[in-house]
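S.K.: For reference, the sequence and a predicted model appear below.
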Amino acid sequence: MSEGISQFLCNSTFDLNMQSEYEILYTWDSSPVNHDPIRIILSPGVEGLKMRVSAPFFNDPEAPTGQPRKPFPGLWDYEVVESFFLDSTTDNYLEVEVCPHGQHLILLLSGVRQPFQQQLPMVFNAAITGNRWAGEALLPWIYFPPNVNKMNSYAIHGSGEKRTYEALYPIPKNEIVKGQKPNFHALSYFGDFHIQSIMGDGWEKPGSDLWKGKP
């Protein structure tokens, strides 16, 4: 890791004993990735969950036209890393997308592919150093649905036939059918996740008016 990115990732203090680290090792259909894996670290933040990304910089597609540190609609069409946090009893989930160029996108969904809030504000900073990039986002607790118990993370890069879709928890090869396309909203493949493993057993998520009235 370059010195610039290493310094960027260390700008904020956190408890090394209270974090979860993930590496995206496979494409969406369970083939091994052909590059250094994208790394995601989740740790405690002030009034939210800190999400840090360290990844190769593919520089493909070109940067979005939007302003850095601002929401950008349709960010999934660019080079992004995404994390989804799901309450599997209700199919309510938070989708977070971050881009090496500094744009981000937050969606709150109630039901598969059913967003009811989009382009919410978020603190996110990114830095590109050579052929790598690093980013740090603070995900406010009010964006998380109650009782999150599953998660998945994804990465997308490349253009045209080189467009590549990667998944932390991919679809097993023996379950892929002919003509199947990448589907990041296949909630049944998400892995187990409990925020208390990061925040501590006695921690309780603050309430949120954003989720009131949802199943």
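M.R.: Okay, I see it.
S.K.: where does the protein have low pLDDT?
M.R.: 1-17 (pLDDT under 70).
S.K.: can you tell me the distance between the two ends of stretch 181-189?
M.R.: 15 Å (Cα to Cα, to the nearest Å).
S.K.: So which bits of it are buried?
M.R.: Of the residues in stretch 181-189, 182, 184-187, 189 count as buried by neighbour count, 16 or more other Cβ atoms under 10 Å. The C-beta positions use only the backbone N, C-alpha and C, and glycine is treated the same way.
S.K.: just stretch 59-66 next, same as before
M.R.: 64, 66.
S.K.: For that stretch, what is the distance to the chain centroid?
M.R.: 18 Å (Cα atoms, centre = their mean, to the nearest Å).
S.K.: Show residues contacting that stretch.
M.R.: With Cβ atoms under 8 Å, 6 or more residues apart in numbering as the test, stretch 59-66 has contacts from 72, 75, 77-79, 99, 101, 103, 157-159, 162.
S.K.: do stretch 67-81 as well
M.R.: 38, 40, 53, 55, 57-61, 63-64, 66, 82, 97-106, 118-126, 135, 153-157.
S.K.: three-state assignment of the spatially most central residue of the chain?
M.R.: Residue closest to the average C-alpha location in the chain (Cα atoms, centre = their mean): Ser83, at 2.2 Å. Under DSSP: H, G, I helix; E, B strand; the rest coil, Ser83 falls in the strand class.
S.K.: Let the chain start at 847 from now.
M.R.: Got it, the first residue is 847 from now on, which makes the last one we talked about Ser929.
S.K.: show me the contacts for it.
M.R.: 886, 897, 941-942, 997-1000.
S.K.: Pick the one among these closest to His1040.
M.R.: Met997 (9.4 Å; Cβ to Cβ).
S.K.: Please save the CA atoms from stretch 985-996 in PDB.
M.R.: Output of stretch 985-996 as PDB, limited to C-alpha atoms (Å, rounded to 0.1, in the frame of the first residue of the first chain):
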ATOM      1  CA  LEU A 985     -22.800   5.800   7.700                       C
ATOM      2  CA  PRO A 986     -25.300   7.500  10.100                       C
ATOM      3  CA  TRP A 987     -27.200   5.100  12.400                       C
ATOM      4  CA  ILE A 988     -30.500   6.600  11.300                       C
ATOM      5  CA  TYR A 989     -30.000   5.200   7.800                       C
ATOM      6  CA  PHE A 990     -29.800   1.600   9.100                       C
ATOM      7  CA  PRO A 991     -33.100  -0.400   9.300                       C
ATOM      8  CA  PRO A 992     -33.900  -1.900  12.700                       C
ATOM      9  CA  ASN A 993     -32.500  -5.400  13.400                       C
ATOM     10  CA  VAL A 994     -29.900  -5.700  10.700                       C
ATOM     11  CA  ASN A 995     -28.800  -9.300  10.500                       C
ATOM     12  CA  LYS A 996     -27.300  -9.800   7.000                       C
END
